[in-house]
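1. 3D, please:
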Amino acid sequence: MRDDDDDAWSTTATIGEQNTRDASTQTEMEVLEAAFSPEFHFHLIQLVLSGQQQMRWALEHLMQGQQAIVGGQQVQTRSRVCLQGRIHFYEGYSFAYIGSLVKILHQVGVRVLIVSNAAGGLNDEYKTGDVMVIKDHINLTGDNALRGIVHPEKGFPFISIFYDAELQTIAHEAAKCVPGLSERLRSGVYTIINGPSYETVAESKFLIRGGADAAGMSTIPEVQMANYLNIRVLAFSLITNMCVRTYQEYSRLQEGPSDEVAEEVYEVGRERMPQIVEWVTGIIDRIPMDD
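-> Have a look, this model is predicted:
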């Protein structure tokens, strides 16, 4: 199972002199490992912030219940925060609601957003376990994070390039320092489907013809809002399975229990996690930040 049950995403930002958490209580590696853990989801509640608030206060009040982890750490005058899990369009939330967390992160100082997801591969050259740096996306859901927020009389946002070119270059450079990752790193186009059901064979063929390399059920709402707020974005997909592209493949998958298929997807995430954690750490260290 992909975005519906094992997604995670993280953010990194410069927050000036704010301290979000005692750095001695949690190492950066531990924070990032928590961010990429698939066990929990968090849920947004309505929150309106007026002016600059302390990051820890803001993020703690975003959480509903106990099934959420927020890790913040002050390293070399930079504050980083990792968020675990996400909410999805298929759960009934609008793109604008999903993107509202990014608005709050922007208010507390986030200027760079690193977004991850688990996705199905559409490109014939991809293999399960590959990591795809997202260079562009296709949104055919019919929703947009800015719908109802941006009004035509105020002008339409001219946003055609959502993914920061410099951050993509940094990601590829950082991958060279992680054994076994560089040769599995791809660059491609991500597409979002409504979910919660997977794409049909016909839909997969349609998406491939349209230029998509991987398909998932998340990420684009957050990316749309981040770009509107001038937050630089780096996004990547872990290819946890290959999308079904022939009816023969579909028939074969129907023969096996669905829980076994889900376990195979989880296993890909578990195997790749140490490399991804090391990679993202390297990316963060290389990102130039303006004070």
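
2. give me the number of residues near residue 229?
-> Residue 229 has 16 neighbours, counted by other CB atoms under 10 Å. Bear in mind the C-beta positions are built from the backbone N, C-alpha and C, glycine included.

3. if I pick it, what's in contact with it?
-> 102, 103, 106 (CB atoms under 8 Å, 6 or more residues apart in numbering).

4. Now do the contacts for the last one.
-> Residue 106 sits next to 226, 229, 231 when contact means CB under 8 Å, 6+ apart.

5. cool, and the second one?
-> Contact criterion CB under 8 Å, 6+ apart gives 225, 229 as the residues in contact with residue 103.

6. Quick one: classify it as helix, strand or coil.
-> helix (DSSP: H, G, I helix; E, B strand; the rest coil).

7. on that earlier part again, just the contacts of residue 106: which are in helices?
-> Residues of the contacts of residue 106 located in helices (DSSP state H): residue 226.

8. What segments of the chain are helices?
-> In the chain, the helices defined using DSSP H lie at 28-35, 55-60, 95-107, 165-175, 201-209, 220-228, 247-254, 258-286.

9. so what's the nearest residue to residue 231 once chain neighbours are set aside bridging to?
-> Of all residues not flanking residue 231 in the chain, residue 113 sits nearest, at 5.1 Å (CB to CB, 6 or more residues apart in numbering). Counting by DSSP bridges, residue 113 forms beta bridges with residue 11, residue 233.

10. Let me see the contact set for residue 113.
-> 11, 12, 102, 105, 222, 223, 226, 231, 232, 233, 234.

11. And for the last one, the neighbour number?
-> Other residues lying near residue 234 total 24 when counted by other CB under 10 Å.

12. can you check the fifth one too?
-> For residue 222, the count of nearby residues is 26 (other CB under 10 Å).

13. Please list all residues in contact with it.
-> Contacts of residue 222 by CB under 8 Å, 6+ apart are 9, 86, 98, 99, 101, 102, 113, 115, 145.

14. Quick one: those residues as TSV, columns for pLDDT and distance to residue 214 too.
-> As requested, the contacts of residue 222 are exported to TSV (pLDDT from 0 to 100; distance: CB to CB, whole Å):
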residue	pLDDT	distance to residue 214
9	35	16
86	82	17
98	89	19
99	89	21
101	82	23
102	88	22
113	93	19
115	93	14
145	92	20
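
15. Can you get me a residue count around residue 136?
-> Residue 136, neighbours per other CB under 10 Å, totals 16.

16. Show me the beta-bridge partners of it.
-> With DSSP bridges applied, residue 136 shows beta-bridge pairing to residue 189.

17. Quick check: it touching residue 160?
-> No. In this structure residue 136 lies outside contact range of residue 160 using CB atoms under 8 Å: 9.2 Å.

18. Look up how far residue 279 lies from residue 285.
-> 11 Å (CB to CB, to the nearest Å).

19. Please say which of these two ends up with more neighbours.
-> Neighbours were counted for residue 285 and for residue 279 using other CB under 10 Å; residue 279 has more, 23 against 13.

20. Not counting sequence-adjacent ones, nearest residue to the more buried one?
-> residue 178 (4.9 Å).

21. Distance check, the one you found against residue 117.
-> 19 Å.

22. likewise residue 98?
-> 13 Å.

23. quick one: average confidence on stretch 164-184?
-> Averaging pLDDT along stretch 164-184 yields 97.

24. ok, for residue 212, nearest residue in space, not its chain neighbours?
-> Residue 212's closest residue in space is residue 191 (CB to CB, 6+ apart), at 4.0 Å.

25. Please report the distance of that neighbour from residue 99.
-> Applying CB to CB, the value for residue 191 to residue 99 is 18 Å.

26. likewise residue 177?
-> 33 Å.

27. Then residue 227?
-> 10 Å.

28. what is residue 242 paired to in the beta sheet?
-> residue 121.

29. Could you report the neighbour count for residue 204?
-> By other CB under 10 Å, neighbour count at residue 204 equals 23.

30. What about residue 107, how many residues nearby?
-> 18.

31. before we move on, what about the one 10 residues further on?
-> Per other CB under 10 Å, the neighbour tally for residue 117 reads 27.

32. you'd agree it is up against residue 237?
-> Yes. Using CB under 8 Å, residue 117 is in contact with residue 237, at 5.3 Å.
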